[in-house]
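[1] Next one to model:
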Amino acid sequence: MCSMAALGYSPYSQVVHKKKTRTRELLTNKLHKHPLFEALGAKELSELVDAMQSVSVAPNQNLISRGAAMNEMYILEVGELTGAL
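    Sure, this is the predicted structure:
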């Protein structure tokens, strides 16, 4: 089993998913260290973390399928993922 945060795209409203303080800190630190997000300020990072929601994936469960349209981004919190091309 692994646990991750999913960030979906919704152009119509700001979504806020409540989180424990420790979870917010973990996600904020992971985002800030990633080159894609390192230039963002505290407010922007906070908004991204607000929009993330927890997702649990069972062993051998497909998360992403090749060729499928995606509107989410995932940040691994606990566990590991494997993939095949």
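[2] Which residues does the lengthiest helix in the chain contact?
    Counting by DSSP state H, the longest helix found in the chain is helix 21-33. Under the criterion CB atoms under 8 Å, 6 or more residues apart in numbering, residues 5, 19, 37-38, 40, 45-46, 48-49, 52, 54, 75, 77 lie in contact with helix 21-33. In short, each C-beta sits where N, CA and C put it, glycine included.
[3] mind checking how far it is from the chain centre?
    The chain centroid and the centroid of helix 21-33 are separated by 10 Å under CA atoms, centre = their mean, to the nearest Å.
[4] ok, now stretch 64-74?
    Taking CA atoms, centre = their mean, one finds stretch 64-74 lying 13 Å from the centre of the chain it belongs to.
[5] So for that stretch, mean pLDDT?
    Stretch 64-74 shows an average pLDDT of 82 in the prediction.
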